[in-house]
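K.L.:
Let me see the structure of the following:
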Amino acid sequence: MAKAKIETGVYRVTEIIGTSSVSWEDAAKNAVETAAKSLRDLRIAEVSQFDMKVENGKVVAYRARVSLSFKYQA
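P.N.:
Coordinates of the predicted model:
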């Protein structure tokens, strides 16, 4: 019986913050899509915190803190 190949590698996790004037979902999406322009082989995106920027009693921006996992290239 053939054994399944186990993938090995080294991964880094970095935290970024995305912003949007529309929604938290849009803020998280902006964070990942912007990071993908300079980071290769993104694997996992985990949203760890949401907050809002408030000015004069009104919400002016949504912010999403995102942890990104990407694989180091050998």
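
K.L.:
Residue 27: what secondary structure?
P.N.:
Secondary structure, DSSP: H, G, I helix; E, B strand; the rest coil: residue 27 is helix.

K.L.:
Tell me which residues touch it, please.
P.N.:
Residues near residue 27 by Cβ atoms under 8 Å, 6 or more residues apart in numbering: 18-20, 61-64. The C-beta positions use only the backbone N, C-alpha and C, and glycine is treated the same way.

K.L.:
Can you flag the buried ones in the residues you listed?
P.N.:
18, 20, 62-64 (16 or more other Cβ atoms under 10 Å).

K.L.:
remind me which residues of this protein are low pLDDT?
P.N.:
Residue ranges of the chain with pLDDT under 70: 1-2, 6-7, 74.

K.L.:
what about the helices in it?
P.N.:
Using DSSP state H, the helices found in the chain span residues 24-35.

K.L.:
Okay, strands next: where are they in it?
P.N.:
Ranges of strands in the chain, per DSSP state E, are 11-20, 42-55, 58-71.

K.L.:
Now do residue 18 against residue 3, distance only.
P.N.:
41 Å (Cβ to Cβ, to the nearest Å).

K.L.:
so residue 70 touches residue 9, yeah?
P.N.:
No - using Cβ atoms under 8 Å, residue 70 is not in contact with residue 9, being 10.3 Å away.

K.L.:
Please name the residues that touch the residue lying closest to residue 29 once chain neighbours are set aside.
P.N.:
Distances taken as Cβ to Cβ, 6 or more residues apart in numbering put residue 18 closest to residue 29, at 7.2 Å, once the chain neighbours are dropped. Applying Cβ under 8 Å, 6+ apart to residue 18 gives the contacts 27-32, 34, 63-64, 66.
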